[in-house]
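Enquirer: Give the three-dimensional model of this entry:
(one chain, ligands or ions: 1)
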Amino acid sequence: MGPLHVAIIMDGNGRWARSRGHARFFGHVRGVRRVQEVVQEAGNLGLSALTLYAFSTENWKRPEAEREVLWRLLRRFLKVETPALLRSNVQFRVIGDRSRLSPAVLSAIRETECALEKCTGLQLTIAVSYGARDEIIRAARAFARECFEGSMKPEQMTEDLFSQFLDTAPLGSLADVDLVLRTSGEQRLSNFLLWQAAYAELTFVNKPWPEFTAGDLRRAVQQFSSRKRRFGGVEGARPSETPQESRT
Ligand code: FPP
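Expert: The predicted structure is shown next:
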């Protein structure tokens with residue numbers, strides 16, 4: 001079976017641009033084209049969910065000029081692509097800490113969310129101002145608040161309940177990632193979906209993001225289909241069907 005949920009760390013934009021004598025931001029500009037191509041291919045391949053890491057909590061440390069380019073590209077992407085996403089019936093969400101986003105970025109996100117509200121196809125999630133540790137801490141705080149207010153008890157906490165406090169809760173059973181793909185040859189998760197990727201297969205592609213094509217995604221998905229996943233139990237079972245104690 002193919003992966004249902006693919007999550008991509010789009011890495012290597014800056015290095016790609018610098019190695020060609022361009023400013024780093026040019027790599028992000030080219031990177032957006034790849035986003036458009038990959039979203040379309042995800043639909044063609046019949047994936048159920050695609051999550052893209054566009055801006056991490058650590059990326060706030062980048063120079064303001066580069067951050068501004070990234071925000072402008074995200075806003076333009078949302079504005080230009082929303083009609084096409086609507087035609088393709090794409091469901092859209094953003095995960096991450098929205099409290100740090102500017103009003104302009106927030107309103108662009110809300111417009112796309114609103115326009116695609118009734119879609120039922122591919123679940124596209126863009127991670128913006130996202131860090132998995134930050135997400136887990138926000139979830140822990142929200143649960144602690146419920147306990148403090150008396151609507152929940154610490155003993156009630158389970159993996160399933162905790163998942164409901166994470167940003168990916170609206171994805172339901174699809175929140176668990178099947179395949180994490182990272183471009184540019186780096187072999188790290190960089191604080192991306194640490195909870196959701198607990199049993200994910202990992203694929204590292206030795207190309208910078210601006211060179212990643214629809215064909216590369218197709219190949220990674222085909223390779224995934226030939227891997228055998230056991231979730232620490234027996235072949236064929238998904239994590240929710242495997243008792244927690246026996247997972248490895
Ligand atoms: C990593 O490359 C990439 C990013 C930090 C941003 C990714 C953003 C885009 C592809 C464009 C905007 C996104 C959307 C969804 C419209 P890097 O700059 O860290 O590359 P480096 O490691 O070579 O420096």
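
Enquirer: Can you pull the phi and psi angles for the residue of the chain most remote from its centre?
Expert: The C-alpha centroid of the chain is most remote from Gly150, which lies 33.1 Å away (CA atoms, centre = their mean). Dihedral pair for Gly150: phi 90, psi 0, per degrees, to the nearest 10.

Enquirer: And it, what's its pLDDT?
Expert: Per-residue pLDDT puts Gly150 at 98.

Enquirer: Please apply the same query to Ser226.
Expert: So, for Ser226, pLDDT stands at 87.

Enquirer: Likewise for the one 4 residues further on?
Expert: As summarised for this prediction, Arg230 has a pLDDT of 66.

Enquirer: Ser240 now?
Expert: 52.

Enquirer: Check Pro3 too.
Expert: So, for Pro3, pLDDT stands at 73.

Enquirer: do you know how far it is from Ala17?
Expert: Per CB to CB, to the nearest Å, Pro3 is found 30 Å from Ala17. All C-beta spots, glycine's among them, are computed from the backbone N, C-alpha and C.

Enquirer: out of the two, which sits in the busier spot?
Expert: Pro3 (25 against 21; other CB atoms under 10 Å).

Enquirer: got the phi/psi numbers for that one?
Expert: phi -70, psi 150.

Enquirer: Could you pick out the longest helix of the protein?
Expert: helix 64-87 (DSSP state H).

Enquirer: tell me how far that helix is from the chain's mean position?
Expert: 16 Å (CA atoms, centre = their mean, to the nearest Å).

Enquirer: now stretch 111-126
Expert: 14 Å.

Enquirer: could I have it exported to PDB, CA atoms only?
Expert: Only the C-alpha atoms of stretch 111-126 are listed here, as PDB (Å, rounded to 0.1, in the frame of the first residue of the first chain):
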ATOM      1  CA  GLU A 111      -9.000  33.700   3.200                       C
ATOM      2  CA  THR A 112      -7.700  30.400   1.800                       C
ATOM      3  CA  GLU A 113      -9.100  28.400   4.700                       C
ATOM      4  CA  CYS A 114     -12.500  30.000   4.100                       C
ATOM      5  CA  ALA A 115     -12.400  29.500   0.300                       C
ATOM      6  CA  LEU A 116     -11.500  25.800   0.600                       C
ATOM      7  CA  GLU A 117     -13.700  25.100   3.600                       C
ATOM      8  CA  LYS A 118     -16.000  22.700   1.800                       C
ATOM      9  CA  CYS A 119     -13.400  20.800   0.000                       C
ATOM     10  CA  THR A 120     -13.100  17.100   0.600                       C
ATOM     11  CA  GLY A 121     -10.000  15.900  -1.300                       C
ATOM     12  CA  LEU A 122      -6.200  16.000  -0.500                       C
ATOM     13  CA  GLN A 123      -5.500  17.400   3.000                       C
ATOM     14  CA  LEU A 124      -2.800  20.000   2.400                       C
ATOM     15  CA  THR A 125      -1.200  21.300   5.600                       C
ATOM     16  CA  ILE A 126       1.400  24.000   5.600                       C
END
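
Enquirer: Name the SS class of the nearest residue to Leu166 once chain neighbours are set aside, please.
Expert: Distance criterion CB to CB, 6 or more residues apart in numbering; nearest residue to Leu166, sequence neighbours excluded, is Ala139 at 5.1 Å. What DSSP: H, G, I helix; E, B strand; the rest coil gives for Ala139 is helix.

Enquirer: OK, contacts around Ala139?
Expert: Phe162, Phe165, Leu166 (CB atoms under 8 Å, 6 or more residues apart in numbering).
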